[in-house]
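1. For reference, the sequence and a predicted model appear below.
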Amino acid sequence: MVKTISSADEGATTIYCSRTLYSSWRSTSAAELAEQWSRQYPGLFDQKDLDIARNQRSNHFNEWFTAIHLFQRDGALSMVEKYDQRSHVRKFDRYENFTTEEQRLELARICEEKIDGKGVQLPDLFVTSRDEAAFWFVETKGPHEPVSLRQAVSHKKIRAMGLRVDVIRVEP
């Protein structure tokens, strides 16, 4: 089931998962679920994603679940965080193939700009359409997790570049 939320949440889309699944990620079985999903969706998750999920059990469920949802619904391929970092070679190569140098430089400037005294990361997911004709960004949020002021400002600037940023909320 999908529903749209008010503009106060940047027009977020809400997707739902079972409470059992949502809770299992935060338990000791998080590594098992991440391993299962990485085997089922090798085009979405790589070894670095799996290592991050193992080491940060209470985080990243929303990103992984949303990436799977977009793949199942649209055939879209998502890369979970760090896609703009050269140290994540597979992800960066794909990010570099879809974006221009000018876009990457402007996105880096947006991230470095201080808002409330801190910089901001790019949205959680870098998503490409099944036919690879389009790309966009997705910020994922869990229950009662607001879009921060820094994120809202950066999303507005990314959109001003003519790029799409969606907000998807995961609710159990």
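-> Cool, the structure landed. Numbers count the residues shown, from 1 in each chain.

2. Can you give me every residue that contacts A30?
-> Counting by Cβ atoms under 8 Å, 6 or more residues apart in numbering, A30 makes contact with S24, A53, R54, R57, F61. Placement of C-beta: from N, CA and C, glycine included.

3. just D46 next, same as before
-> Applying Cβ under 8 Å, 6+ apart, the residues near D46 are S38, R90, K91.

4. From those residues, which shows the smallest pLDDT?
-> Ranked by pLDDT, those bottom out at R90, which has 91.

5. about what we covered before: inside strands: which ones of the contacts of D46?
-> Residues of the contacts of D46 located in strands (DSSP state E): none.

6. how about a markdown table for those residues, with neighbour count and distance to V138 added?
-> Shown next, in a markdown table, are the contacts of D46 (neighbours: other Cβ atoms under 10 Å; distance: Cβ to Cβ, whole Å):
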| residue | neighbour count | distance to V138 |
| --- | --- | --- |
| S38 | 17 | 19 |
| R90 | 12 | 19 |
| K91 | 21 | 15 |
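
7. Now distance to L149 too, for those residues, in CSV please.
-> CSV is the format used below for the contacts of D46 (distance: Cβ to Cβ, whole Å):
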residue, distance to L149
S38, 34
R90, 32
K91, 27
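
8. from those, which single one is nearest E81?
-> Minimum distance to E81 across these is 8.6 Å, recorded for K91 (Cβ to Cβ).

9. Report how many residues lie close to the residue nearest to the closest one when sequence neighbours are not counted.
-> Leaving aside its sequence neighbours, K91 sits nearest to Y83 (Cβ to Cβ, 6 or more residues apart in numbering; 4.0 Å). By the criterion of other Cβ atoms under 10 Å, Y83 has 23 neighbours.

10. and what of I168?
-> By other Cβ under 10 Å, the residues close to I168 number 22.

11. Now do the same for it: helix, strand or coil?
-> Judged by DSSP: H, G, I helix; E, B strand; the rest coil, the three-state class of I168 is strand.

12. same deal with W136?
-> Classification of W136 by three-state DSSP places it in strand.

13. if we can go back for a sec, which ChimeraX command selects the buried ones in the contacts of A30?
-> Per 16 or more other Cβ atoms under 10 Å, the buried members of the contacts of A30 correspond to this ChimeraX selection:
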select :53,57,61
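
14. All good on my end, thank you.
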